[in-house]
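1. how would this look folded up:
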Amino acid sequence: MIGDNLKGKNLIAGQWSGAGTEVFTSSNPANGQKATKQFSAGTSQELLLACKSAQEAFHSNDLRDLLRRSELLEAIASEIESLGGELIEAACFETGLPEARILGEKGRTIFQIREFARLMKSGDFLGVNFDQAMPERSPIPKPEIKKINVALGPIAVFSASNFPLAFSTAGGDTASALAAGCPVVVKGHENHLMTNEIVGSAISRAIEKTGFHNGTFSFINGEYSIGKELVMNPIIKGVAFTGSFNGGNALMGYAAQRSEPIPVFCEMGSINPIIISKGTQNEVKDLANTIADSVFLGTGQFCTNPGLLLVEKGEGLSHFLEGVESSLSSKRATPMLSEKIFDGFSKQVSELTGKEPETKNHSSGFFKAISTEEFLGNQIYSEEVFGPFTLAVVYENHNELGDLIRSLKGQLTGSLFIQEDEFDQYRPLVRLFSEKVGRLIFSGVPTGVEVCPSMQHGGPWPSSSDSRFTSVGFDAIQRFLRPLAFQNMPDAFLPSELQSGAINNYPHRLDGKLIS
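-> Residues are numbered from 1 along each chain as shown. Sure, this is the predicted structure:
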């Protein structure tokens, strides 16, 4: 049976540990088959050791060196790249996802890590500023001040349920935290026990081969209680989380209760509204199918699936709505990620449509159309449905659309399907719409998040905990950095990047002027 050769333990600072008596097993959501391998839940003592070791690693010299960090990231990418069929088989088993999806996600994970390795060599993220001294300035002399971004400290990463690789043990949160110079303690997702161990082992091998402190990375199994303990541990200086609003909100509450509150960077989902003008309904061929495919992608379990269509009333309205409903309902039912997710989805869909999925843990697509008045009159329509469902709200005029936009909570994305001859009419509404989203998309669906410097994957509350940051792209590193200024400081006490001569090796501002 798959996974029988795994250790089934927690990886604590390079050592396998199974001190606890509580055990977990994972299962295949597609058919309910249970894995035979049991995994030990982490204990408070194991967690404390992981955090203490992370603190020691943070104070070591390796994580302070950009080139050494680049070397580590490259080694992690290579170790994951070398993982063969065992990883793919485990991830497919624990998620019910097809092999092609897991292979694609593996490639994205490797790409993300290697891009952060390249970033280390450029130093773009350092934010170096240098204001030269002006001792003769009157009436008050100006001191020399240098500023640079430095690592926060050990980071807690919570792996996600819907991306077993790209947002998990070695996903973007772990990669960007390590790139920032922060050791990482991962709380593995309880549905991906085998996948977590296989990937965690690869990271551990890379740490050993590059000679980094073994506290640079740890992962621990467990559920609610161990996650709370991790956030509350005073050694942890920041948290990254991708998941539900309830889960993220709970973590933020724990962090705020600490004697030293810490930042919690949560990406908590979204309904990703799409505005569709009456001109677009008539002109864009197969728009209904395109949107339905986006809704159903990953059985609707992406944070960017479009869950709300704001559709202008026009001649093509009936044809468009019928097209979306027909396309969604004809989708072959595919597995959802877990029984818990399926049960939550089934309950919401039943409340909204009066229908339910016919097969346990599998679903086709669902659809409902309502009026602006109905939408504004019932809060239930504004809530995310995590699964293959979308709601169409028909607006009569632009005043109604303005009311709809103003009623929306913060979203990760917002999309526009508007014809060129309609631009002038929609311009004020697009400006209003932009206040609600982190990424504004023209003539495209929100699924598919490019990993690049310009990407913003985060939006106004409650789609994320802090709209100034992204969890995808190079700027994800900024979550785990803080600015530190040095005034009249001798080179002996400066970071190497700020020492005389070395500062010119990195993009920086000199007396306010950008020097590339």
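2. pLDDT score for residue 216?
-> Per-residue confidence at residue 216 stands at 98 (pLDDT).
3. helices or strands up against the helix or strand of the chain with the lowest mean pLDDT?
-> The least trusted helix or strand in the chain, going by mean pLDDT, DSSP states H and E, turns out to be helix 278-283, with a mean of 84. When contacts are defined as 3 or more C-beta pairs under 8 Å, 6 or more residues apart in numbering; DSSP states H and E, helix 278-283 sits against strand 308-312, helix 317-329. In this view, the C-beta of every residue, glycine as well, is placed from N, C-alpha and C.
4. restricting to C-alpha, output that helix in CSV.
-> Presented in CSV, the C-alpha positions along helix 278-283 are these (Å, rounded to 0.1, in the frame of the first residue of the first chain):
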residue,chain,number,x,y,z
LYS,A,278,-25.4,43.5,-22.3
GLY,A,279,-23.1,44.2,-25.2
THR,A,280,-20.7,41.4,-24.1
GLN,A,281,-23.5,38.8,-23.9
ASN,A,282,-24.3,39.3,-27.5
GLU,A,283,-20.8,39.7,-28.9
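5. the closest residue to residue 509 other than its chain neighbours and residue 506, how far apart?
-> Using C-beta to C-beta, 6 or more residues apart in numbering and skipping the chain neighbours, the partner closest in space to residue 509 is residue 129 (4.8 Å). Counting by C-beta to C-beta, to the nearest Å, the gap from residue 129 to residue 506 is 11 Å.
6. buried set for the least confident helix or strand of the chain?
-> For helix 278-283, the neighbour count (16 or more other C-beta atoms under 10 Å) marks 278, 279, 280, 281 as buried.
7. next one: stretch 426-442
-> Here stretch 426-442 shows 426, 429, 430, 433, 436, 437, 438, 439, 441 as buried, counting by 16+ other C-beta under 10 Å.
8. again with stretch 210-230
-> 210, 212-222, 226-230.
9. those residues in helices, which ones?
-> 210, 226, 227, 228, 229, 230 (DSSP state H).
10. what's residue 268 in contact with, if anything?
-> Contacts for residue 268 (C-beta atoms under 8 Å, 6 or more residues apart in numbering) come out as 241, 243, 244, 245, 247, 248, 249, 462, 463, 464, 465.
11. I'd like to know which of the residues you listed are buried.
-> Neighbour counting with 16+ other C-beta under 10 Å marks 241, 243, 244, 245, 247, 248, 462, 463, 464, 465 as buried within these.
12. now the closest residue to the last one other than its chain neighbours: phi and psi?
-> Distance criterion C-beta to C-beta, 6+ apart; nearest residue to residue 465, sequence neighbours excluded, is residue 266 at 4.1 Å. Dihedral angles phi and psi of residue 266 (degrees, to the nearest 10) take the values phi -110, psi 140.
13. what's the neighbour count on residue 397?
-> By the criterion of other C-beta atoms under 10 Å, residue 397 has 10 neighbours.
14. check it and give its pLDDT.
-> pLDDT, read off for residue 397, is 96.
15. same check, this time on the one 4 residues further on
-> We have a pLDDT of 98 for residue 401.
16. residues in contact with it?
-> Contacts of residue 401 (C-beta under 8 Å, 6+ apart): 275, 310, 312, 395, 429.
17. mind checking pLDDT for residue 142?
-> 97.
18. ok, it to residue 272 distance?
-> In terms of C-beta to C-beta, residue 142 sits 49 Å off from residue 272.
19. ok, residue 482 touching residue 153?
-> No. With contacts counted by C-beta atoms under 8 Å, residue 482 stays clear of residue 153, the gap being 9.3 Å.
20. of those two, which one has the most company?
-> Neighbour totals were compared for residue 482 and residue 153, and residue 153 leads with 20 against 14 (other C-beta under 10 Å).
21. for the more buried one, helix, strand, or coil?
-> Put simply, residue 153 is coil when judged by DSSP: H, G, I helix; E, B strand; the rest coil.
22. ok, residue 407 touching residue 376?
-> Yes. Using C-beta under 8 Å, residue 407 is in contact with residue 376, at 5.8 Å.
23. circling back to that earlier point, so what's the residue nearest to residue 509 up against?
-> 145, 146, 147, 148, 508, 509.
24. looking at those, which are in strands?
-> The strands, defined by DSSP state E, take in 145, 146, 147, 148, 508, 509 from the contacts of residue 129.
25. bridging residues for the third one?
-> Put plainly, it is residue 147. Here residue 147 sits in beta bridges with residue 129, residue 485, going by DSSP bridges.
26. for the last one, same thing?
-> Beta-bridge partners recorded for residue 509 (DSSP bridges): residue 129, residue 514.
27. and the pLDDT for it?
-> 94.
28. I'd say it and residue 126 touch.
-> No. Assessed by C-beta under 8 Å, residue 509 is found out of contact with residue 126, at 11.2 Å.
29. residue 441 belongs to a helix?
-> No. Applying three-state DSSP, one finds residue 441 to be strand, outside a helix.
30. hmm, residue 418 and it touching each other?
-> No. If you go by C-beta under 8 Å, residue 441 and residue 418 don't touch, sitting 11.5 Å apart.
31. just checking, what's the longest helix in the protein?
-> For the chain, the longest helix by residue count, based on DSSP H, is helix 99-122.
32. quick check: closest non-adjacent residue to residue 51.
-> In space, residue 51 is closest to residue 235, 4.1 Å off (C-beta to C-beta, 6+ apart).
33. which of the three states applies to the one you found?
-> Taking three-state DSSP, the label given to residue 235 is coil.
34. thinking again about what came up before, gap between the residue nearest to residue 465 and residue 53?
-> Counting by C-beta to C-beta, the gap from residue 266 to residue 53 is 26 Å.
35. more neighbours, the two?
-> A count of neighbours by other C-beta under 10 Å puts residue 266 above the other of residue 266 and residue 53, at 27 against 24.
36. ok, the more buried one - contacts?
-> Per C-beta under 8 Å, 6+ apart, neighbours of residue 266: 239, 241, 242, 243, 248, 249, 251, 252, 464, 465.
37. which strand residues bridge it?
-> Here residue 266, judged by DSSP bridges, has bridge partners residue 241.
38. thinking again about what came up before, of residue 142 and residue 272, which one has the most company?
-> Neighbour totals were compared for residue 142 and residue 272, and residue 272 leads with 29 against 13 (other C-beta under 10 Å).
39. what helix or strand is the residue nearest to residue 90 when sequence neighbours are not counted located in?
-> Distance criterion C-beta to C-beta, 6+ apart; nearest residue to residue 90, sequence neighbours excluded, is residue 194 at 4.0 Å. Element membership for residue 194, per DSSP states H and E: helix 193-210.
40. which strands and helices sit next to that helix?
-> strand 10-12, helix 66-81, helix 85-95, strand 217-220.
41. if we can go back for a sec, and the gap between the residue nearest to residue 465 and residue 459?
-> 12 Å.
42. contact partners for the residue nearest to residue 51?
-> 51, 52, 54, 55, 153, 154.
43. any chance of a ChimeraX selection covering the buried ones in those?
-> Buried members of the contacts of residue 235 can be picked out in ChimeraX with the line below, counting by 16+ other C-beta under 10 Å:
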select :51,54,55,153,154
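44. which two among the contacts of residue 235 are spaced furthest apart?
-> 52 and 153 (12.6 Å; C-beta to C-beta).
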